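> From the sequence below, what's the structure:
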Amino acid sequence: MKDPNNPCLFCNIKESGLAHENNLAYVSYDSYPVAEYHCLVIPKRHIKDYFELTNEELIACNNLIKLAKDEIINKDQTVSGFNIGTNVGKVSGQSILHCHFHLIPRRKGDVENPQGGIRSVIPNKQHYKRKK
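Residues are numbered from 1 along each chain as shown. Here you go, the predicted structure:
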C-alpha cells in the first residue's frame, strides 16, 4: 500500500485533486468520503496541523470552506448541515500529516441520531443528557 506521507499526498495538488484554490490553500474532494461532496481544505504550505497555520493561512482556508459550502448547497439542496473538523496528531486519527480540514455535508436522516455530532469521535460520548 502506498504511504500518503512519503511523499506527502497533499503537497502534490495534481495528485490529490483540485476543485478550488486561492494563493494559500486549495479544495479537494475526499478520496474516502463519508458523505457525497465531502471535501478537504488544505493549506499549500506543508505544515503538520492547525496549530502551525498563520493567520493568513487560516483566513484563506476559511474562505475556501465557505466557498465549498455554498457550492455544495447549490449542487444538492438536500444538504441541511455540515460538520467541519480537523485532526491533530495520530492519536486523534490524523493519517496524512499535512494540515487539512474536513467539510462534511449532512442530510436529514443520514444517521439515526445525530445528537453530539463531532463528539462521536469517541462513540460512547456522542449521546448525552443535558443537566437541568
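> how much space between Leu53 and His100?
Computed as CB to CB, to the nearest Å, the Leu53 to His100 distance reads 11 Å. (Glycine included, C-beta is placed from N, CA and C.)
> Pick out whichever of the two has more residues nearby.
His100 (23 against 19; other CB atoms under 10 Å).
> where do the contact lists of Leu53 and His100 overlap?
Pro43 (CB atoms under 8 Å, 6 or more residues apart in numbering).
> Give me the residue at the spatial middle of this structure.
Taking CA atoms, centre = their mean, the centroid of the chain lies closest to His102, which sits 0.5 Å from it.
> In contact with that residue, which residues?
Asp30, His38, Cys39, Leu40, Asn83, Ile84, Gly85, Thr86.
> Mind checking which of those land in strands?
When DSSP state E is applied, the contacts of His102 are split such that Cys39, Leu40, Asn83, Ile84, Gly85 fall in strands.
> Let me know whether the second one touches Asp30 as I believe.
Read it as Leu40. Yes. Shown here, Leu40 and Asp30 form a contact pair, counting by CB atoms under 8 Å, at 5.6 Å.
> Can you mark which positions in the longest helix along the chain are buried?
Longest helix of the chain, by residue count under DSSP state H: helix 55-75. For helix 55-75, a neighbour-count test (16 or more other CB atoms under 10 Å) marks Glu57, Ala60, Cys61, Leu64, Ile65, Ala68, Lys69, Ile72 as buried.
> Pull the number of nearby residues for the residue lying closest to Ile72 once chain neighbours are set aside.
Leaving aside its sequence neighbours, Ile72 sits nearest to Tyr37 (CB to CB, 6 or more residues apart in numbering; 4.7 Å). Using other CB under 10 Å as the criterion, Tyr37 is surrounded by 19 other residues.
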